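K.L.:
Structure for the following, please:
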Amino acid sequence: MADLFADDLSPAAAPEVLRDDAPLADRLRPRNLSEVVGQEHLTGPEGAIGRMVAAGRLSSMILWGPPGTGKTSIARLLADAVGMRFAAVSAVFSGVADLKKAFAEADVAGKAGQRTLLFVDEIHRFNRAQQDGFLPFVERGTVTLVGATTENPSFALNAALLSRAQVLILHRLGPEALNALLDKAEALEGRLPVTQDARDALVASADGDGRFLLNQVETLYAAGISEPLDPGGLGHFLQRRVAVYDKDRDGHYNLISALHKSVRGSDPQAALYYLARMLTAGEEPLYVLRRLVRMANEDIGLADPQALVQCLAAKDTYEFLGSPEGELAIAQACLYLATAPKSNAAYSAFKAAWKSARDTGSLNPPANILNAPTKLMKEIGYGKDYAYDHDAPDGFSGDNYWPEGMPPQTYYEPVERGFEREVRKRIEWWDKKRAERRGE
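P.N.:
I've put the predicted structure just below:
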């Protein structure tokens, strides 16, 4: 297997010399952190990365963000900015032997007075045991770990590893950042063979992915197009539906915002209008469906649990039938959401619970509800005095499930609308029974 690690012991890996026929995305890679577009909240003077670079010392970090947002570029530039040796490994192609080699090389470099930044792409693809293998080297300072992931680190990475690294969130690239990439491409290769409307449509179709955008641009340059393409011609050429913008400049983001707010405001007529505007303009139906799923969770939730089911059924129907027949299923889901009772109680509750989880750290659950699969765990009290609810009166024990030292919290408060009215009655009944069994 090819060596995936930088094996030099210089302060940072030597700048890569790119051939003229290298991919456009590689030729446009930023040369310093100030050239990274769309992530100024991190790389700017007040951002976490900007402050670390100014101090000349990096802490281990996890870069979490969608594809094509600059994670790899930032990692390379970080090493340069603070004079560290750069080594890289991809979790897709590497195993334990590769990691051992990387750590050994970093140890040698450390003895020579050279710190190593180890970049691990797709770090979430390493299993739990492999992730644990990083811990002693991070703790000793053998490497400063910079991991990149498209997955939520809370679910994809070990708690022990997360406790030793700062999670930094990269944003999807907005229109301004994507247009800046197009400007750089045009400065290098000449004017794009598209009209202004088609240029806007090209930006919208990238959906925040800078690498995807530059790959599409490279295809356009390679084709030797003589006359600028309009949005329709662009969609036909790229074999990809791109959103068309009318004379009033009502774009992708304005229309999806209008659709979302019409659904939230229970106006099915306006919601259907904006849905039709987007689909007739050539918007990607699966993008609209993803946003409808989001609305079902954020704005309806348990007020009508069927809202999410309707959206997922519409997605399956569209994938089965395709356009235009499948678009009727999208319209049906849209109308269902707009006419459903509304509640953001689940959305608000999850945000509050997330904050509590972050603030309280790693408090252990009470011992009586811990699993005790071994004799030792039983001997030290795991599972002792657990009240099995099915054996209790009314199938409800009223036990305490909160960590020691943390009083019970109230995150979820159902509204008096739709199905949540029934959920509210259940919670009130449980609260009453719980209080009775505590003697209150």
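K.L.:
Identify the residues contacting Leu286.
P.N.:
If you count contacts by C-beta atoms under 8 Å, 6 or more residues apart in numbering, Leu286 has them with 315, 318. Just so you know, the C-beta spots here come from the backbone N, C-alpha and C atoms, and that holds for glycine as well.
K.L.:
That one sits in which helix or strand?
P.N.:
For Leu286, the element it lies in under DSSP states H and E is helix 285-295.
K.L.:
by how many degrees do whichever helix or strand comes after that helix and helix 285-295 diverge?
P.N.:
Counting by DSSP H and E, the next helix or strand C-terminal to helix 285-295 is helix 306-321. Inter-element angle recorded for helix 306-321 and helix 285-295: 170 degrees (by axes from the mean of the first three to the mean of the last three C-alpha atoms, to 10 degrees).
K.L.:
what's in contact with helix 306-321?
P.N.:
By C-beta under 8 Å, 6+ apart, helix 306-321 touches 285-286, 289, 292-293, 296-297, 300-301, 326-327, 329-330, 332-333, 336-337, 340.
K.L.:
what angle do whichever helix or strand comes after that helix and helix 285-295 make?
P.N.:
Going down the chain from helix 306-321, the next helix or strand is helix 327-339, by DSSP H and E. The directions of helix 327-339 and helix 285-295 differ by 20 degrees, with the same axes, to 10 degrees as the criterion.
K.L.:
And helix 327-339, what's buried?
P.N.:
Of the residues in helix 327-339, 327, 329-330, 333-338 count as buried by neighbour count, 16 or more other C-beta atoms under 10 Å.
K.L.:
Repeat that for stretch 352-367.
P.N.:
Per 16+ other C-beta under 10 Å, stretch 352-367 contains these buried residues: 366-367.
K.L.:
and if you look at stretch 163-178?
P.N.:
So for stretch 163-178, counting by 16+ other C-beta under 10 Å, buried means 165, 167-168, 170-173, 177-178.
K.L.:
do you know how far Ala55 is from Ala48?
P.N.:
11 Å (C-beta to C-beta, to the nearest Å).
K.L.:
Who has more neighbours out of these two?
P.N.:
For Ala55 versus Ala48, neighbours defined as other C-beta atoms under 10 Å are more numerous around Ala48 (17 against 10).
K.L.:
Look up how far Gly147 lies from that one.
P.N.:
15 Å.
K.L.:
And Leu376, by the same measure?
P.N.:
34 Å.
K.L.:
neighbour count winner among those two?
P.N.:
Gly147 (29 against 9).
K.L.:
I'd like the average pLDDT over the longest helix anywhere in the chain.
P.N.:
Longest helix in the chain, counting residues (DSSP state H): helix 420-437. Across helix 420-437, pLDDT averages out at 90.
K.L.:
which secondary structure elements does it contact?
P.N.:
Of the remaining helices and strands, none touches helix 420-437 by 3 or more C-beta pairs under 8 Å, 6 or more residues apart in numbering; DSSP states H and E.
K.L.:
which residues touch it?
P.N.:
Taking C-beta under 8 Å, 6+ apart as the rule, helix 420-437 contacts 301-303, 341, 343, 345, 394, 396-398, 412-416.
K.L.:
before we move on, back to that, kindly present the buried residues of stretch 163-178 as TSV, with separate columns for distance to Ala87 and pLDDT.
P.N.:
Formatted as TSV, these follow (distance: C-beta to C-beta, whole Å; pLDDT from 0 to 100):
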residue	distance to Ala87	pLDDT
Ala165	17	91
Val167	21	92
Leu168	20	93
Leu170	21	92
His171	27	90
Arg172	28	86
Leu173	27	89
Ala177	29	93
Leu178	31	93
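K.L.:
Show me the shaky parts of the protein.
P.N.:
Residues of the chain meeting the criterion pLDDT under 70: 1-20, 239-251, 440.
K.L.:
Spatially central residue in it, please.
P.N.:
By C-alpha atoms, centre = their mean, the chain has its centre lying nearest to Gly65, at 5.0 Å.
K.L.:
for that residue, what are its contacts?
P.N.:
By C-beta under 8 Å, 6+ apart, the neighbours of Gly65 are 71, 150, 169-172.
K.L.:
Got the domain ranges for the protein?
P.N.:
Taking automatic domain parsing as the criterion, the chain consists of the domains 24-169, 175-238, 252-339, 354-437.
K.L.:
From start to finish, how long is the longest one in a straight line?
P.N.:
If I follow you right, that is domain 24-169. Its first and final residues considered, domain 24-169 spans 26 Å by C-alpha to C-alpha, to the nearest Å.
K.L.:
any idea how far that domain is from the chain center?
P.N.:
When C-alpha coordinates are averaged (C-alpha atoms, centre = their mean, to the nearest Å), domain 24-169 and its chain have centres 17 Å apart.
K.L.:
before we move on, what about the second one?
P.N.:
Domain 175-238 has its C-alpha centroid displaced from the chain centroid by 25 Å (C-alpha atoms, centre = their mean).
K.L.:
what's the answer for the last one, then?
P.N.:
If you compare the mean C-alpha spot of domain 354-437 with that of the full chain, they lie 30 Å apart, counting by C-alpha atoms, centre = their mean.
K.L.:
And the helices in the stretch 101-250 of the chain?
P.N.:
For the stretch 101-250 of the chain, the helices defined by DSSP state H, counting those that start in this stretch cover 128-132, 135-140, 153-156, 159-162, 175-189, 196-205, 210-222, 231-238.
K.L.:
So which of these is nearest Asp267?
P.N.:
helix 196-205 (24.8 Å; C-beta to C-beta).
K.L.:
So which elements touch that closest one?
P.N.:
Using 3+ C-beta pairs under 8 Å, 6+ apart, helix 196-205 sits against helix 175-189, helix 210-222, helix 231-238.
K.L.:
Go through those and name the closest to Val203.
P.N.:
helix 175-189 (4.6 Å).
K.L.:
Return the list of helices and strands in contact with that closest one.
P.N.:
Helix 175-189 packs on helix 24-27, helix 196-205, helix 210-222, going by 3+ C-beta pairs under 8 Å, 6+ apart.
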